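Student: Got a sequence here, can you model it:
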Amino acid sequence: MPSPRLLVIEGNSPQTMAEHVAAGGVPASKGYSDLLRELLPGAAVDICYPGDSAATLPAGEALEGYDGISITGSALHVYAGGPEVMRQVDLVRAALKTGTPVFGSCWGLQVIAAAAGGSVRKNPKGREIGFGRGIRLTEAGRKHPMYVGKLDVFNAPTVHLDEVDAVPAGTTILATNAMSAVQSVEIRTNGSVAWAVQYHPEYPLRELAAIVRRIGTRLIGEGFFADEGDMIMFAQDLDLLDRDPECKRLAWRHGVSKNVLDKKLRVSEVANWLELQVLPMRVKRGRG
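Tutor: Prediction:
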């Protein structure tokens, strides 16, 4: 029996990936693929790069050949348009016609919504950075398999400036908070099912630290930090807490809960997607 095959769609441009690595992070697609292999040992994970105009992308039968497709975050904006965005919208629209289970984080949610007929805007409430606070499951979310093992109210790693403002037909909103009415969804369209979240269950705290360093000037301008030293200290705290999740001093200082510090709890949405969407579809297709 062949190994499960998964595809990760990298949402960023080559320039942003390079900037993120220079800030001490790893490309979003590498972090995602490493997590998928950890959660589903033996899986073969491919990566594609639609934000790179020179990259070759899978289509049609190739997309259907995967057992699951996940989409990373991105520094792009759906409403900005342009080739980097539209190549991704078109790719995800094609994926949503195959019946292959899809999962998206942050940009992944936004591009799935756009591909299915919804719309995305710059959040009028501003940026949500560091941790999404008080994410609350809706009644549908409390019953949904993506949230098996999750508390009804939780915090999660997050960084986003945009939000879904009009959901497409076939959408069930699963979670919300004070910053964004759409914190997670299930979207059913063209016979496909997509689960997507506005936050980043796949991010360890060191990746948040790298993002803070990469976009720090903007964050200072938006009032999140007083100056560069303040920003660097926050990033250092995240790095330290990543290495020592039991550090009560830093967890208390930044209000970081067990939902974030316990990796099994943090990544449970992705783990549930693999167990309850990807593997059953693999069996249904006669692959496992």
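
Student: The longest strand along the chain: which residues count as buried?
Tutor: Across the chain, the longest stretch assigned as strand under DSSP state E is strand 128-137. Going by neighbour count (16 or more other C-beta atoms under 10 Å), the buried part of strand 128-137 is E128, I129, G130, F131, G132, R133, I135, L137. The way it works is simple: take the backbone N, C-alpha and C, and place the C-beta from them, glycine included.

Student: Can you pick out the most distant pair from those residues?
Tutor: Using C-beta to C-beta, the buried residues of strand 128-137 span at most 22.2 Å, a distance reached by I129 and L137.

Student: Which element, helix or strand, includes the nearest residue to L151 once chain neighbours are set aside?
Tutor: Nearest residue to L151 in three dimensions, chain neighbours excluded: N259, at 6.5 Å (C-beta to C-beta, 6 or more residues apart in numbering). In the assignment (DSSP states H and E), N259 maps to helix 258-261.

Student: Remind me what that helix packs against, helices and strands.
Tutor: strand 153-160, helix 263-266 (3 or more C-beta pairs under 8 Å, 6 or more residues apart in numbering; DSSP states H and E).

Student: Report the buried residues of it.
Tutor: N259, V260, L261.

Student: list the contacts for the first one?
Tutor: Listed by C-beta atoms under 8 Å, 6 or more residues apart in numbering, the contact partners of N259 are K150, L151, F154, N155, A156, L265, R266.

Student: for N190, same thing?
Tutor: L96, K97.

Student: and if we set it to 10 Å?
Tutor: R93, A95, L96, K97, T98, G99, A116, G170 (C-beta atoms under 10 Å, 6 or more residues apart in numbering).

Student: so how far is F234 from the residue lying closest to P2 once chain neighbours are set aside?
Tutor: Distance criterion C-beta to C-beta, 6+ apart; nearest residue to P2, sequence neighbours excluded, is R287 at 6.6 Å. Going from R287 to F234 by C-beta to C-beta, to the nearest Å gives 45 Å.

Student: I47 too?
Tutor: 30 Å.

Student: Pick out whichever of these two has more residues nearby.
Tutor: Of the pair I47 and F234, F234 is the one with more neighbours under other C-beta atoms under 10 Å, namely 22 against 17.

Student: That one belongs to a helix, doesn't it?
Tutor: Yes. Residue state for F234 (DSSP: H, G, I helix; E, B strand; the rest coil) corresponds to a helix.

Student: Nearest residue to it in space, please, no chain neighbours.
Tutor: Spatially, and ignoring its direct neighbours in sequence, F234 is nearest to V212 (6.2 Å; C-beta to C-beta, 6+ apart).

Student: And the next helix or strand past whichever strand or helix holds A210?
Tutor: Taking DSSP H and E as the definition, A210 sits inside helix 205-214. Using DSSP H and E, the helix or strand that follows helix 205-214 in sequence is helix 216-221.

Student: Mind listing the strands the longest strand of the chain pairs with, and their directions?
Tutor: strand 153-160 (antiparallel), strand 171-176 (antiparallel) (DSSP bridges).

Student: Tell me which of those strands sits nearest to P41.
Tutor: The nearest among these, by C-beta to C-beta, is strand 153-160 at 23.9 Å.

Student: re the thing from before, mind putting the contacts of N259 into CSV with distance to C106, neighbour count and pLDDT?
Tutor: Shown next, in CSV, are the contacts of N259 (distance: C-beta to C-beta, whole Å; neighbours: other C-beta atoms under 10 Å; pLDDT from 0 to 100):
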residue, distance to C106, neighbour count, pLDDT
K150, 18, 22, 95
L151, 21, 14, 95
F154, 16, 23, 97
N155, 15, 21, 97
A156, 10, 25, 98
L265, 19, 18, 97
R266, 15, 25, 98
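
Student: could these be laid out in a markdown table, adding distance to V89?
Tutor: As requested, these are arranged in a markdown table below (distance: C-beta to C-beta, whole Å):
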| residue | distance to V89 |
| --- | --- |
| K150 | 29 |
| L151 | 33 |
| F154 | 30 |
| N155 | 30 |
| A156 | 25 |
| L265 | 32 |
| R266 | 28 |
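
Student: In a markdown table, list the buried residues of strand 128-137 along with distance to L279 and pLDDT.
Tutor: Formatted as a markdown table, the buried residues of strand 128-137 follow (distance: C-beta to C-beta, whole Å; pLDDT from 0 to 100):
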| residue | distance to L279 | pLDDT |
| --- | --- | --- |
| E128 | 32 | 98 |
| I129 | 34 | 96 |
| G130 | 33 | 96 |
| F131 | 30 | 97 |
| G132 | 28 | 97 |
| R133 | 33 | 97 |
| I135 | 26 | 98 |
| L137 | 24 | 98 |
